[in-house]
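Asker: build the 3D model from these lines:
(2 chains)
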Protein chains: 2
Amino acid sequence: MRLLLISNSTNAGEEYLKYPIGDIAEFLSCANEVLFIPYAAVTFSYDEYAAKVQRRFDEIDIRVRPIHREADPVRAVMEAEAVVVGGGNTFALIKKMQEQRLLGPLHERIMDGLPYVGWSAGSNVACPTIRTTNDMPIVEPESFRAIGAVGFQINPHYLDANPVGHAGETREQRIEEFIAANPGVYVAGLREGCMLHVEGNGMTLKGPRPMRVFRFGEAPREIEPGADLSFLMEKA
Amino acid sequence: MRLLLISNSTNAGEEYLKYPIGDIAEFLSCANEVLFIPYAAVTFSYDEYAAKVQRRFDEIDIRVRPIHREADPVRAVMEAEAVVVGGGNTFALIKKMQEQRLLGPLHERIMDGLPYVGWSAGSNVACPTIRTTNDMPIVEPESFRAIGAVGFQINPHYLDANPVGHAGETREQRIEEFIAANPGVYVAGLREGCMLHVEGNGMTLKGPRPMRVFRFGEAPREIEPGADLSFLMEKA
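Answerer: Okay, the predicted model is just below:
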């Protein structure tokens, strides 16, 4: 299994997909073309999304082939060299992936070694479910089930604080609710600028910040880049 | 129809349910007892939730009767003097309300004049769906359908900005996604400290801040407390 699960496409004040492109290049060093899944786009078109990603992928000489242009999307998955799933709205993304019956084929190919890159919503859908997304449930998918390439849940764009004076739940409180309702499941709070790199059963955190890991009945732990993450790779 | 739809229970730095209790007292002036729906609670018990609300309602001499203690919850709805739905996790709340088949009876009684008070998740479930909640989808309900007492969607805890340096979508961007996916539906961004008071077909915004209203194809509008809100009460 080979996965690169990125928290966010773009850091505040930076260019689109700029910070992770070096890691993506290294991860996809053997690929000439990726199958791109743009279904998280809502307020702009899939074509625009693919073109925007292609512009960044031009720098690393990889062709972006968008799945929405394929007559047979399942076959496109079965024949892909690598898959890239972009961020946006997680509910829109999983709904379309379920409608096109992509989850099973993606799981099968990933177990077989297909390299998978996702950021934000694209990282969420690599988890067992989308239950740790931050996104608004703007459309209703068939279910919350996702690819399940890993056995834990990622919370992308993890952040520590609310804006001053705001009384809504903090992210930590939301995740405390998740683990109370889903005991036994680990949640990895992946801060912006960070990513998880899975090779086989090994996993590494990359980026400038620690990751905050939650499980019901345990105190949250801060895990530094480079630390042993094998406990997250055991099946829940 | 009589509704008091409150953005949030508690303002930052204040006591629980303190700021809206005067408005709740006025709204429920003829009631001695309310049926309380505590199903949005996740990290604490329904009993604790009811007791916490009862402590505040003691100040206005109203008895809080929690629905989870009722042998026949639907009958409790059919016989209630007034209903109060507390905040917490919207997905947990609607899941349990659907399991107990409360949506139809609540809609029927509300159309018949049953006073309804909700805050946060409790305001969201008065809308046609829960698609404008801010909450994490920690459990999977049967569907996103809610009571539909009003024809528009509320986004409670509406806020304008992200914390500095955070690149995740702003609330406005999330709502822009919602309206793109659901054209024709109004979204009322209800800032903290504010509430919507519905009497019959009339609706008033109360509180210290304007409300931000969104619909696809229109520029967002800021609506001041006291302004005419009848356009939101027309069926979508």
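
Asker: quick check: which ranges of chain A have low pLDDT?
Answerer: Scanning chain A with the threshold set as pLDDT under 70 gives A:235-236.

Asker: which SSE is A:N134 in?
Answerer: Under DSSP states H and E, no helix or strand contains A:N134.

Asker: OK, contacts around it?
Answerer: A:N155, A:P156, A:H157, A:R171, B:M136, B:G168, B:E169 (Cβ atoms under 8 Å, 6 or more residues apart in numbering or on different chains). Every C-beta, even on glycine, is put in place using the N, C-alpha and C of the backbone.

Asker: so how far is B:A219 from it?
Answerer: 26 Å (Cβ to Cβ, to the nearest Å).

Asker: ok, and what's touching stretch A:155-173?
Answerer: By Cβ under 8 Å, 6+ apart, stretch A:155-173 touches A:6-8, A:87, A:119-121, A:123-124, A:132-134, A:175, A:177, A:187-192, A:211-212, A:214, A:220, B:8, B:10-12, B:43, B:134-135, B:157, B:159, B:161-163, B:166-168, B:192.

Asker: ok, back up a step: would TSV of the contacts of A:N134 with neighbour count and secondary structure be doable?
Answerer: Compiled in TSV, the contacts of A:N134 are given as follows (neighbours: other Cβ atoms under 10 Å in any protein chain shown; DSSP: H, G, I helix; E, B strand; the rest coil):
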residue	neighbour count	secondary structure
A:N155	28	strand
A:P156	30	strand
A:H157	22	strand
A:R171	19	helix
B:M136	28	coil
B:G168	21	coil
B:E169	20	coil
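
Asker: out of the residues you listed, which is nearest to A:P115?
Answerer: A:P156 (19.2 Å; Cβ to Cβ).

Asker: helices along chain A, start to end?
Answerer: Taking DSSP state H, the helices of chain A run over residues A:21-27, A:46-58, A:73-79, A:90-99, A:103-111, A:121-124, A:171-181, A:230-233.

Asker: which of these sits most buried?
Answerer: By mean neighbour count, with neighbours taken as mean count of other Cβ atoms under 10 Å in any protein chain shown, helix A:121-124 ranks first of those at a mean of 28.

Asker: helices or strands up against that helix?
Answerer: Helix A:121-124 is packed against strand A:2-6, strand A:83-85, helix A:90-99, strand A:153-158, with contacts defined by 3 or more Cβ pairs under 8 Å, 6 or more residues apart in numbering or on different chains; DSSP states H and E.

Asker: what residues does it touch?
Answerer: A:5-7, A:37, A:40, A:84-90, A:93, A:118, A:130, A:132-133, A:135, A:146, A:154, A:156, A:190, A:196.

Asker: go again with 7 Å.
Answerer: Under the criterion Cβ atoms under 7 Å, 6 or more residues apart in numbering or on different chains, residues A:5-7, A:40, A:85-90, A:93, A:130, A:132-133, A:135, A:146, A:154, A:156 lie in contact with helix A:121-124.

Asker: mind putting the contacts of A:N134 in a markdown table, distance to A:V77 included?
Answerer: Output for those, formatted as a markdown table (distance: Cβ to Cβ, whole Å):
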| residue | distance to A:V77 |
| --- | --- |
| A:N155 | 26 |
| A:P156 | 22 |
| A:H157 | 27 |
| A:R171 | 32 |
| B:M136 | 28 |
| B:G168 | 28 |
| B:E169 | 27 |
